[in-house]
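**Student:** below are the sequence and a predicted model; questions follow.
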Amino acid sequence: MRTATVALWLAVMMVLTGCGAAAVGGGAAATSVGERRGADDVAEDSWLAMKIRTAYVRSEKVKVGNVNVSVYRGKVLLTGTANSQTEINEAIRLAREVKGVVEVASELKVQYVGPLDLANDALITTKVKTRIMSDERVRGLDIHVETTKGVVYLTGEAASVAERDQAVHLARTTSDVREVVSYIMINTSAYPLTPGQNVPGPRSSDR
């Protein structure tokens, strides 16, 4: 019943907003088609992200437009900006209080992001996502991209260290990227892009 309710709610929201897919994380639209996650997991992650954003809208301490919420298998990553450490602490607290959240990681920073920064970050996200989607060594639908002031955050899942590292390499070598932070999970039981594939790659993060 829970899954059916979530799926129905998401379907209604997509119709009302005109979206063709449920977005989990701001940089790219994630769908259950072709992902290693099943439809139930995609729906649940979307549900959690929506509940967190709703909590931010209701809060007087968090500016919801400044905080990006990415959820993958119940694990939350918060990226973006804040006006103070108090706002960051409140954003983390509210996310942790949402039932179903497994853990919360925060990359929120006290800093200002202007319109030009936002435009540049959107362009970087598109370039990185395009490279990842085009690479035969990475299942692009499983890797989600978020960018703040030139710092690229990767979330999602890989079937091997090599696949994860290739995704990081592609992001790191994209023009205008200042830094890459990887939260990509490795699930060796997930089906690989090509059976037996094992490509070399650099370390998962250059932090």
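**Tutor:** Alright, I've got the coordinates.

**Student:** roughly how far does Y153 sit from V69?
**Tutor:** Going from Y153 to V69 by CB to CB, to the nearest Å gives 12 Å. No exception for glycine: its C-beta is placed from N, CA and C like everyone else's.

**Student:** what do the two both touch?
**Tutor:** Common neighbours of Y153 and V69 are listed as L77 (criterion: CB atoms under 8 Å, 6 or more residues apart in numbering).

**Student:** tell me how this protein divides into domains.
**Tutor:** 2-110, 115-186 (automatic domain parsing).

**Student:** these into TSV, with extra columns for mean pLDDT?
**Tutor:** Converted to TSV, these look like this (pLDDT from 0 to 100):
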stretch	mean pLDDT
domain 2-110	79
domain 115-186	97
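
**Student:** give the buried residues for stretch 118-134.
**Tutor:** Within stretch 118-134, the residues that count as buried by 16 or more other CB atoms under 10 Å are N120, D121, I124, T125, K127, V128, K129, R131, I132.

**Student:** repeat for stretch 45-54
**Tutor:** Buried residues in stretch 45-54, defined by neighbour count with 16+ other CB under 10 Å: D45, S46, W47, L48, A49, M50, K51, I52, R53.

**Student:** leaving out the residues flanking it, which one is nearest to the first one?
**Tutor:** The spatial neighbour of D45 that comes closest, neighbours along the chain excluded (CB to CB, 6 or more residues apart in numbering), is V71 at 4.2 Å.

**Student:** tell me the strands beside whichever strand or helix holds the one you found, with direction?
**Tutor:** Here V71, judged by DSSP states H and E, is contained in strand 67-72. Using DSSP bridges, strand 67-72 pairs in its sheet with strand 75-82 (antiparallel).

**Student:** which is the next helix or strand following the strand it pairs with?
**Tutor:** Moving toward the C-terminus from strand 75-82, the first helix or strand encountered (DSSP H and E) is helix 85-96.

**Student:** on that earlier part again, what's the closest of the buried residues of stretch 118-134 to Q166?
**Tutor:** Closest approach to Q166 among the buried residues of stretch 118-134 (CB to CB): I132, at 8.7 Å.
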